[in-house]
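Chemist: quick one: sequence plus predicted model below, questions after.
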Amino acid sequence: MPVQFEDVVKLMARLRAPDGCPWDRQQTPESLRTYLVEETYEVLDAIERGDSDVLREELGDLLLQVVFLSQIAREAGRFTIEDVIGRLHEKLVRRHPHVFGDKQAETPEQVLKNWEALKAEERGEEKSGSAGELLADVPRTLPAVLESYQLTRRAAQVGFDWRRLEDLFAKLDEELKELREALGAGVERERLEDELGDLLFVVVNVARHLRIDPEVALRRTNRKFVSRFHQIEEELKRQGKRWEDTSLEEMDALWEASKQREARPR
């Protein structure tokens, strides 16, 4: 007989029981934060790799964190997993009036606009609420790139945004110039951090205007870097050379060779 969701909930309660697992009983919402973040990133990695078997496994591990935290909350008399599911069901129905009601939404953009308007209503705000209210529920624990993306996406909903991509490119040139000037002036580290942060902030907004998730784009580049660097390592091993015996010019040549191999038709 297939395992049901209720079986997992009961199993978690058993593990947390007085005669259950000492490690599971010791955990708190605070101690589980690290595991929640770790499992989330492992799900993302499985998606990027396109590995369905691994994704299935990692989704289970992520679900475990939801069940675990809900069981701790049940024990404290705060809420139950049934409350979590019930709230989710209610929210999905309420935020899809174009499916379950009489509202119209023919495009993903219209759906997103309706979704954000409904969220604002739920917060007891008007659509034109102040920026502080509009940005209040963007988690400050997000990775900085994703936080920038979410903050400016919210601000853009009320018209606070660059009008054209060309304006962003001009701003990018301006921020790069200011960073160069700060470097030339020998300013303190905090000023350099400010200037570099401004530059990165504009890059995130370029990605947003191109409808590209900057976190995904940067992760793709990170993967390319790892792959190409690994090819350099393999080539140096083949040649019997060590890093300390290799000049920067030789490394650059091997890097370009790895790029050329990637560009060849397969």
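Modeler: Sure, I can see it. These numbers come from a predicted model, not from an experiment.

Chemist: find the nearest non-adjacent residue to A156, please.
Modeler: R208 (7.6 Å; Cβ to Cβ, 6 or more residues apart in numbering). The way it works is simple: take the backbone N, C-alpha and C, and place the C-beta from them, glycine included.

Chemist: who touches that neighbour in this structure?
Modeler: Contact analysis of R208 by Cβ atoms under 8 Å, 6 or more residues apart in numbering lists Y149, T152, R153, A156, P214.

Chemist: how many neighbouring residues does E147 have?
Modeler: E147 has 15 neighbouring residues, counting by other Cβ atoms under 10 Å.

Chemist: now the host helix or strand of it: buried residues?
Modeler: In the assignment (DSSP states H and E), E147 maps to helix 144-156. Using 16 or more other Cβ atoms under 10 Å as the test for burial, helix 144-156 gives V145, L146, S148, Y149, Q150, L151, T152, R153, R154.

Chemist: now it: mean pLDDT?
Modeler: For helix 144-156, mean pLDDT is 92.

Chemist: so which residues make contact with that helix?
Modeler: Taking contacts as Cβ under 8 Å, 6+ apart, the residues outside helix 144-156 that touch it are 116, 131, 134-135, 138-140, 142, 161, 200-201, 204-205, 207-208, 213-215, 218.

Chemist: buried members of those residues into PyMOL, please.
Modeler: Per 16+ other Cβ under 10 Å, the buried members of the contacts of helix 144-156 correspond to this PyMOL selection:
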select buried, resi 116+134+138+201+204+205+207+208+214+215
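
Chemist: show me the contacts of helix 144-156 that map onto helices.
Modeler: Among the contacts of helix 144-156, DSSP state H puts 116, 131, 134-135, 200-201, 204-205, 207-208, 214-215, 218 in helices.

Chemist: circling back to that earlier point, quick one: distance of whatever helix or strand comes next after the helix holding E147 to the chain centre.
Modeler: Using DSSP H and E, the helix or strand that follows helix 144-156 in sequence is helix 165-185. A distance of 26 Å separates the centroid of the chain from that of helix 165-185, by Cα atoms, centre = their mean, to the nearest Å.

Chemist: put the alpha carbons of helix 165-185 into PDB.
Modeler: Extracted in PDB, the C-alpha atoms of helix 165-185 (Å, rounded to 0.1, in the frame of the first residue of the first chain):
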ATOM      1  CA  LEU A 165      16.700  49.400 -21.100                       C
ATOM      2  CA  GLU A 166      18.900  52.100 -22.700                       C
ATOM      3  CA  ASP A 167      18.500  54.200 -19.500                       C
ATOM      4  CA  LEU A 168      19.800  51.300 -17.500                       C
ATOM      5  CA  PHE A 169      22.800  50.900 -19.700                       C
ATOM      6  CA  ALA A 170      23.500  54.600 -19.300                       C
ATOM      7  CA  LYS A 171      23.200  54.200 -15.500                       C
ATOM      8  CA  LEU A 172      25.500  51.100 -15.700                       C
ATOM      9  CA  ASP A 173      28.200  53.300 -17.400                       C
ATOM     10  CA  GLU A 174      27.700  56.000 -14.800                       C
ATOM     11  CA  GLU A 175      28.200  53.600 -11.900                       C
ATOM     12  CA  LEU A 176      31.200  52.000 -13.500                       C
ATOM     13  CA  LYS A 177      32.800  55.400 -13.900                       C
ATOM     14  CA  GLU A 178      32.100  56.300 -10.300                       C
ATOM     15  CA  LEU A 179      33.700  53.000  -9.200                       C
ATOM     16  CA  ARG A 180      36.800  53.800 -11.300                       C
ATOM     17  CA  GLU A 181      37.000  57.300  -9.900                       C
ATOM     18  CA  ALA A 182      36.700  56.000  -6.300                       C
ATOM     19  CA  LEU A 183      39.500  53.500  -7.000                       C
ATOM     20  CA  GLY A 184      41.700  56.300  -8.400                       C
ATOM     21  CA  ALA A 185      41.000  58.600  -5.500                       C
END
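
Chemist: all good on my end, thank you.
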